[in-house]
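In: here is my input, please return the structure:
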Amino acid sequence: MSRNIVVALTGASGMPYARRLLEVLSAAGHDVYLSVSSAAQAVIKQELNLAVDLDAFDLAALRLDVGPVPKDPKLQHVRAMTGRSDDTSNVLSVGSGASGEFHYCHYRDQMSPIASGSFLTGGMIVCPCSGGTLSAIVHGTSANLIHRAAEVHLKEGRKLILVVRETPLSLVHIDNMRRAAEAGAVILPASPAFYHDIELVSDLIDYIVARICDQLGIPNSLIRRWGKAKRTNP
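Out: A predicted model of the protein is given here:
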C-alpha cells in the first residue's frame, strides 16, 4: 500500500477528529496530503479556536502533536507498532519529500497531484464529511479539489472513507450515503462507542480515529477492543 494518504477537512462539526487523525497518521509514518475547504476553515475556528490561512497555510496553526517523539504515549505506541524509527520528523512540504511529511493542497488547486489517478495513494479520508461534500461526491460535480480527489479514489477503486457528521439525517443524506456506498466508499459516521474505558472526551475521539485506521490497515491500540481486558497502558 502506498504511504501517501489524502485527508480532506470539510465544513461539518468534528474538527477534533480531524486533528487527532492527522497526529496518528503522522505517528504511523504516512505522507499526508491535506486539503481544507473554506467552510472547514470556519469550523476549525469555531471548534478549535485556531486560525488557519488557506492561502498561506502553516501546519503549526493546527497545533499537532507531531515530530520524532510525540508527547502523547498513544502516539508513541502507534509509531512503535508500525515499526517507524524516531530519527525522522514531520514537516510541511510543497513537494514529494521523505516518508512522514505533510503536503498541503489548496482546495482550489486542480493541478495538485491528488487530482490525478496516476498519483498513487493508500486511501483518502474526508473527516469530517459535510452533507454538501457528500452530495458533490456522489453526483460527481468536482467543484473543487476535494470533490475531484474523492472522485479519483472511487474511479481507481481505492479506499475512500467518508466520516459523515450530521444529525438527524434527512432522507437526502441517507440516500446520498447509500449512493456513496454503492460506488465503493466506506461510510464511517462519527458515532463513538462507550465500551472502551471512557474517561475523557479524547477517548471518544480516539474511537473514531481507531476505526478509520482499521479501515486503512494501520496498526493501532488507541482503544480497548471489544471483549478484551481493560487497558492498563496505551
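In: now stretch 131-149: average pLDDT?
Out: Stretch 131-149 shows a mean pLDDT of 97.
In: what do you get for stretch 64-72?
Out: For stretch 64-72, the mean confidence score works out to 88.
In: show me where this structure has its strands.
Out: Using DSSP state E, the strands of the chain run over 4-9, 31-36, 92-93, 102-104, 124-129, 160-164, 186-187.
In: buried deepest among these, which one?
Out: Scoring the strands of the chain by mean neighbour count under mean count of other Cβ atoms under 10 Å gives strand 124-129 as the most buried, with a mean of 29. C-betas here are computed from N, CA, C, even on glycine.
In: which residues touch that strand?
Out: By Cβ atoms under 8 Å, 6 or more residues apart in numbering, the list of residues contacting strand 124-129 from outside reads 5-10, 12-15, 17-18, 21, 43, 114, 133, 137, 146, 149-150, 153, 158-165, 190, 212, 216.
In: one more pass at 6 Å, please.
Out: The contact list for strand 124-129 (Cβ atoms under 6 Å, 6 or more residues apart in numbering) reads 6-8, 10, 12, 14, 17-18, 21, 149, 153, 160-165, 212.
In: for the chain, give me the ranges with low pLDDT.
Out: For the chain, the stretches with pLDDT under 70 are 1, 84-99, 229, 231-234.
In: where along this protein do the helices fall?
Out: For the chain, the helices defined by DSSP state H occupy 15-27, 38-48, 73-81, 131-139, 145-155, 171-183, 201-216.
In: which helices and strands does the first one pack with?
Out: On a contact count with 3 or more Cβ pairs under 6 Å, 6 or more residues apart in numbering; DSSP states H and E, helix 15-27 meets helix 38-48, helix 73-81, strand 124-129, helix 201-216.
In: sorry, back to before: Throw the strands of the chain into a markdown table and include distance to residue 177, thanks.
Out: Compiled in a markdown table, the strands of the chain are given as follows (distance: least, Cβ to Cβ, whole Å):
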| stretch | distance to residue 177 |
| --- | --- |
| strand 4-9 | 17 |
| strand 31-36 | 21 |
| strand 92-93 | 33 |
| strand 102-104 | 29 |
| strand 124-129 | 10 |
| strand 160-164 | 6 |
| strand 186-187 | 5 |
